[in-house]
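Asker: Model the structure of this input:
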Amino acid sequence: MAEQFWHGDLQASWAAIAEGLPEEIREEVYSNPEGVTVYAEAIDGLVEDGYLDAERLYRLRGFPTASGKIEFDSSELTQAGHDGLPKYCEPVESPIATPGLAAQYPLVLTSGGRMKFFTHSQQRNAPSALAGDPRPRVQIHPTDAAARGIGDGDEVVVGSPRGEVRFWAEVTEAIKP
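Answerer: Residues are numbered from 1 along each chain as shown. Predicted coordinates:
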């Protein structure tokens, strides 16, 4: 599928994604790879109506609910035959649902953490992305790392009943113990 992904040319993919952007924003995006804030046309309407910040858009349009208001108990879900309120369901495998499994696997994996160079587990075969972050990483709280003799940068095994994989540890307080 190389032809659908610019034959791995990252610059070509960026150029395609930037098509249609006003030239001034395109230049700003290329000169600021960390990110650019772009304001929508809705901001102009807010300013014209005397509001100074975007989070007040609901004052102009209301909320996208049946009532136009914040709904803690969703009337649309209720009308469709569902609970109108969110309901917590314990995962099938968790320290509470499967305490025996939790004894064998005491840490809880949370996935989806954002890395600058990747989208979830994608782009790991792109040389330019790998140059910025070459090794798969697992983040672990210092307390959990110390209890297991894990140091920052150590190679570790992450396992479950379905298998295991090797990562390199990043010891950080950004992760809960």
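Asker: Beyond the helix or strand bottoming out on mean pLDDT in the chain, next helix or strand please.
Answerer: Least confident helix or strand of the chain, by mean pLDDT, DSSP states H and E, is helix 41-48 with a mean of 67. The element immediately downstream of helix 41-48 (helix or strand, assigned by DSSP states H and E) is helix 58-61.
Asker: Can you tell me how far P64 is from E76?
Answerer: Relative to E76, P64 is positioned 10 Å away (C-beta to C-beta, to the nearest Å). Heads up, the C-betas are built off the backbone N, CA and C, glycines and all.
Asker: Next: E19.
Answerer: 37 Å.
Asker: between these two, which one's more packed in?
Answerer: Neighbours were counted for E19 and for E76 using other C-beta atoms under 10 Å; E76 has more, 12 against 7.
Asker: Report pLDDT for that one.
Answerer: According to the prediction, E76 has pLDDT 89.
Asker: in which helix or strand would I find it?
Answerer: Assigning secondary structure by DSSP H and E places E76 in helix 75-79.
Asker: Strands of the chain, start to end?
Answerer: Assigned by DSSP state E, the strands in the chain fall at 137-140, 155-160, 163-171.
Asker: so where's the chain shaky on pLDDT?
Answerer: Applying pLDDT under 70 to the chain flags residues 38-47, 49-57, 112, 114.
Asker: Show me where this structure has its helices.
Answerer: Per DSSP state H, the chain carries helices over the ranges 10-18, 23-31, 41-48, 58-61, 75-79, 99-104, 127-132, 142-147.
Asker: Tabulate the ones you listed in TSV, adding columns for distance to K116.
Answerer: Output for these, formatted as TSV (distance: least, C-beta to C-beta, whole Å):
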stretch	distance to K116
helix 10-18	14
helix 23-31	15
helix 41-48	27
helix 58-61	32
helix 75-79	37
helix 99-104	33
helix 127-132	7
helix 142-147	23
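Asker: Out of the ones you listed, indicate the one that is most buried.
Answerer: With neighbours taken as mean count of other C-beta atoms under 10 Å, the helices of the chain reach their highest mean count in helix 142-147, at a mean of 14.
Asker: got a list of contacts for that one?
Answerer: L107, I150, G151, D152, A169, V171, T172, E173, P177 (C-beta atoms under 8 Å, 6 or more residues apart in numbering).
Asker: can you count the residues close to the fourth one?
Answerer: Counted with other C-beta under 10 Å, the burial measure for D152 works out to 12 neighbours.
Asker: That one touches E170, doesn't it?
Answerer: Yes - applying C-beta atoms under 8 Å as the test, D152 and E170 come out as touching, 6.5 Å apart.
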